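A.B. asks: compute the structure for the input listed below.
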Amino acid sequence: MYSNYVDIDHYIKMHIAKEATQSSKIEATQTNIEEAFLSKDEINANMRDDWEEVQNYSTAMNEAVQLLHTLPFSPRLIRQTHKILLQGVRGKHKLPGEYRSSQNWIGGASIMDATFVPPVHSSIAELISDIEKFANDELNPLPELLKVALIHYQFETIHSFPDGNGRVGRLLITLYLVDKGILKRPILYLSDFFERNRMLYYDNLIRVRTHNYIGQWFKFFLTGIIETAKNGVSTFDNILQLQRSIESRLKDIGSRSGDAYKVVNYLYSNPIIDVQKLSVVTGKSLKPAYNLMALLEKLEIVKEITGAQRSKLYMFDEYMQIFK
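C.D. replies: Predicted coordinates for the structure are as follows:
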C-alpha cells in the first residue's frame with residue numbers, strides 16, 4: 001500500500017518535463033510530453049534533434065537548481081544554464097555558455113526590417129551585471145514577483161546569446177523564485193501559460209519596448225502566476241483522486257498487489273514502461289512480468305501505445321492526462 005499523498009519529487013519531474021516541452025514548443029520544437037519519457041532510440045530519427053533539446057532543458061533546470069546551493073542568481077549561473085541547454089544540440093555551434101559577439105535582431109529578413117534590435121553585443125556583460133545587482137538588491141521595495149517579471153523582460157530584451165534566449169529566460173523565472181525562497185522547490189513554470197497565450201506574450205514584451213507599457217506586462221505576468229498556481233493545486237487534487245482510484249482497483253488482486261504497487265510507484269516518475277523495465281522494477285522474470293503487465297492493462301492502469309506486436313510500450317495514461 002502507499003499512503004494518500006503526492007511524492008513531491010515525482011510531481012517535480014513531471015512538471016519539469018512539461019515545462020521543457022512547452023518552453024521548447026514556443027521555439028517551434030515538436031516533442032510532446034510523452035516523447036520526453038522515451039529513450040533516444042525510441043524516437044523517430046527526424047525528431048531526435050527536438051527530443052534532445054527537450055532533454056537538455058530538463059537537465060538545465062535540474063542542474064541549475066542544484067547550482068543555486070553554491071551560486072547566487074548571477075551571470076555565472078545564467079551562462080552555465082545556457083551551456084547545458086545548448087550542449088550537443090542544434091545550437092552547439094552557437095557558443096554554449098558564451099555571450100554573442102555580434103549584433104542580432106528579432107523578426108524580419110535583415111536588421112533593416114527587424115521587429116526589434118537588441119542592444120549592441122559589447123554592452124551585454126554590463127547589462128547582465130545590472131540584472132544581477134537588481135535581482136540581489138534586498139533594499140529594493142519592489143515585490144519579488146514584479147522583480148522577476150522585470151528580470152524576464154530585461155533578459156529577453158538584452159538577448160544575450162546567439163541562440164536559446166527564450167528558453168533560458170523562462171528557466172530564470174523559476175530559478176529566481178527558488179533562489180529567493182518564494183518557491184521551496186521548483187514547482188511553478190510559466191511556459192505552458194506563455195505557449196497558450198503566445199501572441200499576447202510576445203505583444204506584451206514588444207509593447208514595453210515600444211510604448212513603455214510595463215504595467216500591462218506586469219498584469220499579464222501575474223495572471224500567468226495566478227493561473228499556473230491554481231492549475232498546480234488542481235493537479236495535486238487530481239493525482240490524489242487517481243491514487244485513491246488505483247488503490248481501489250488493486251485491493252482485490254491478492255499476492256500480486258505488492259509488485260503492482262512497486263510498478264505504480266515507478267510510473268509516477270516514469271510514466272512509460274515496457275515489460276523488461278517492469279521485470280527490473282519487480283525483480284521478477286519475464287513471464288510473471290508479462291502477466292503483471294497484462295493485469296495492469298486489464299485494470300486500465302496502463303495503456304499500450306505502440307500498436308506493435310513486439311517492443312510494446314505502456315503508458316500510465318490517466319496520470320499523463322492530468323499533466324496534458
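
A.B. asks: what about residue 226, neighbour count?
C.D. replies: 12 (other CB atoms under 10 Å). Bear in mind the C-beta positions are built from the backbone N, C-alpha and C, glycine included.

A.B. asks: ditto for residue 255
C.D. replies: For residue 255, the neighbour count with other CB under 10 Å is 6.

A.B. asks: kindly report the same for the one 5 residues further on.
C.D. replies: By the other CB under 10 Å criterion, the neighbourhood of residue 260 contains 19 residues.

A.B. asks: give me every residue that touches it.
C.D. replies: 250, 253, 292, 295-296, 301 (CB atoms under 8 Å, 6 or more residues apart in numbering).

A.B. asks: measure it to residue 178 for me?
C.D. replies: Distance, residue 260 to residue 178, using CB to CB, to the nearest Å: 35 Å.

A.B. asks: quick one, what contacts residue 16?
C.D. replies: 58, 61-62, 186, 189.

A.B. asks: and residue 308, by the same measure?
C.D. replies: Residue 308 neighbours (CB under 8 Å, 6+ apart): none.

A.B. asks: and it, what are its phi and psi?
C.D. replies: phi -90, psi 160 (degrees, to the nearest 10).

A.B. asks: least confident of the contacts of residue 16?
C.D. replies: Ranked by pLDDT, those bottom out at residue 186 (88).

A.B. asks: what's the helix or strand for residue 184?
C.D. replies: Secondary structure assignment for residue 184, by DSSP states H and E: no helix or strand.

A.B. asks: around the residue nearest to it when sequence neighbours are not counted, how many other residues sit close by?
C.D. replies: Take residue 184 and drop its neighbours on the chain: the residue closest to it by CB to CB, 6 or more residues apart in numbering is residue 178, 7.9 Å away. By other CB under 10 Å, 19 other residues sit near residue 178.

A.B. asks: pretty sure residue 178 sits in a strand.
C.D. replies: No - Residue 178 is assigned helix when assessed by DSSP: H, G, I helix; E, B strand; the rest coil, not a strand.

A.B. asks: which residues are in contact with it?
C.D. replies: 65, 68, 184-186.

A.B. asks: list only buried entries from the residues you listed.
C.D. replies: 65, 186 (16 or more other CB atoms under 10 Å).

A.B. asks: domain map for this structure?
C.D. replies: 8-108+115-231, 252-323 (automatic domain parsing).

A.B. asks: so which of those is nearest residue 244?
C.D. replies: Taking CB to CB, domain 252-323 is the member of the domains of the chain nearest to residue 244, at 12.0 Å.

A.B. asks: distance between the ends of that closest one?
C.D. replies: In domain 252-323, first residue to last residue: 28 Å (CA to CA, to the nearest Å).
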